[in-house]
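Trainee: A predicted structure for the sequence below; I have some questions about it.
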Amino acid sequence: MDFLLLPIFSFLVGITVGLTGIGGASLITPMLIFIFQVPPVVAVSSDVVAATPMKLVGSIKHWQQQTLDIQVVKWLAWGSVPGSLLGVGMLHLIKQNGDYDLNNIILRLLGMTILLVTVLALVQMLLLTIFPKFKLPELPKFDLNTKLGRLQSICIGAFLGCIVGLTSVSSGSMFALILIAFFRLDARKLVGTDISQAAILLLFTSIGHLTLGTVDWSLVLPIWIGSIPGVLLGAKICQITPQKPLRFIIYSLLMMASLKLVY
């Protein structure tokens, strides 16, 4: 495997993430599996560790700017962190039980998760494009001043956290949909809140994956070298690039990749 190519591909992925906001894990993990022939469990673990510093840096910046909702981050984290550790614990159990092929299970879980995230995002984008005045039915808002609202936040955080622990996917994308649907966050605080909760979630998830012994630092370091400048460049040219056609192309590619992962 030529790891000199990995920073180049990671740079391109970073540009895509900076341009469109589409999650890096949905792109980097399939790239490691398909292009670099990395075993799925190693790809997932390495991607989790690689994504953590970028999220941490972004969350600190948003915290300084006060462009995040600390209460939402806190109550989601109370659920997502134990959920992610549960997901990693499940991987430990599968790994210890020789009757199951961990790579095969991860491959299909990864494919189904990316497919779900992609389909939801694609349907939402097409509805807003074709029917701009169409409004989806409003879901109940989680009131964090009540015990019920906090419990709801913890439960949904735990469910999504478990998915992240198992697959590395959706630490940002699925949580962003939750923040819009159930917390009604305005655009100013949406991105910061999403990045901050993802930073906490990935920090603990990466520690869990390190205990699995499946993190390959020869993958992590080149991903950092390529993706961080790529994200910065993508963010700079974001304003002059048409978003909808680009997102549609990327979602279509992700859908094909996820189907290949499943089947």
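Mentor: Ah, there it is. Quick caveat: nothing in here was measured; it's all calculated off a predicted structure. Residues are numbered from 1 along each chain as shown.
Trainee: Grab the nearest non-local neighbour of Ile154.
Mentor: Spatial nearest neighbour of Ile154, excluding adjacent residues (CB to CB, 6 or more residues apart in numbering): Gly79 at 3.7 Å. The C-beta positions use only the backbone N, C-alpha and C, and glycine is treated the same way.
Trainee: What is the burial count for the one you found?
Mentor: 23 (other CB atoms under 10 Å).
Trainee: what do you get for Thr52?
Mentor: For Thr52, the neighbour count with other CB under 10 Å is 23.
Trainee: my read: it touches Phe204, true?
Mentor: No: in this structure, Thr52 is not within contact of Phe204 by CB atoms under 8 Å, at 9.5 Å.
Trainee: which outside residues touch the lowest-mean-pLDDT helix or strand in the chain?
Mentor: Ranked by mean pLDDT, DSSP states H and E, the weakest helix or strand in the chain is helix 243-262, scoring a mean of 72. Defining contact as CB atoms under 8 Å, 6 or more residues apart in numbering, one finds that helix 243-262 is touched by 16, 19-20, 22, 26-27, 30, 33-34, 107-108, 110-115, 118-119, 121-122, 125, 129.
Trainee: Could I have the buried ones of these as ChimeraX selection syntax?
Mentor: In ChimeraX, a selection of the buried entries from the contacts of helix 243-262 looks like this (16 or more other CB atoms under 10 Å):
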select :16,19,20,22,26,27,30,33,107,110,111,112,113,114,115,118,121,122
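Trainee: give me the element the closest residue to Leu261 other than its chain neighbours is part of.
Mentor: Nearest residue to Leu261, sequence neighbours excluded (CB to CB, 6+ apart): Gly111, at 2.9 Å. Counting by DSSP states H and E, the element that carries Gly111 is helix 102-130.
Trainee: Now Ser26: which helix or strand?
Mentor: Secondary structure (DSSP H and E) places Ser26 in helix 24-34.
Trainee: what about that helix, distance to the chain center?
Mentor: Helix 24-34 has its C-alpha centroid displaced from the chain centroid by 11 Å (CA atoms, centre = their mean, to the nearest Å).
Trainee: Kindly report the same for stretch 125-133.
Mentor: 24 Å.
Trainee: picking that back up, who are the contact partners of the residue nearest to Leu261?
Mentor: By CB under 8 Å, 6+ apart, the contact list for Gly111 reads Ala257, Ser258, Leu259, Lys260, Leu261, Val262, Tyr263.
Trainee: hmm, try it at 6 Å
Mentor: By CB atoms under 6 Å, 6 or more residues apart in numbering, the residues touching Gly111 are Ser258, Leu261, Val262.
Trainee: and these, which are buried?
Mentor: Ser258, Leu261.
Trainee: how about the contacts of Gly111 in a markdown table, adding distance to Ile8?
Mentor: Formatted as a markdown table, the contacts of Gly111 follow (distance: CB to CB, whole Å):
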| residue | distance to Ile8 |
| --- | --- |
| Ser258 | 24 |
| Leu261 | 23 |
| Val262 | 28 |
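Trainee: Of the contacts of Gly111, which is the nearest to Phe142?
Mentor: Ser258 (29.1 Å; CB to CB).
Trainee: Now do that closest one against Ser252, distance only.
Mentor: Using CB to CB, to the nearest Å, Ser258 is found at 11 Å from Ser252.
Trainee: can you give me the helices for the stretch 151-263 of the chain?
Mentor: For the stretch 151-263 of the chain, the helices defined by DSSP state H, counting those that start in this stretch cover 173-183, 187-212, 217-236, 243-262.
Trainee: Would you tell me which one of these is buried the most?
Mentor: Mean neighbours per residue, mean count of other CB atoms under 10 Å, is largest over the helices of the stretch 151-263 of the chain for helix 187-212, with a mean of 22.
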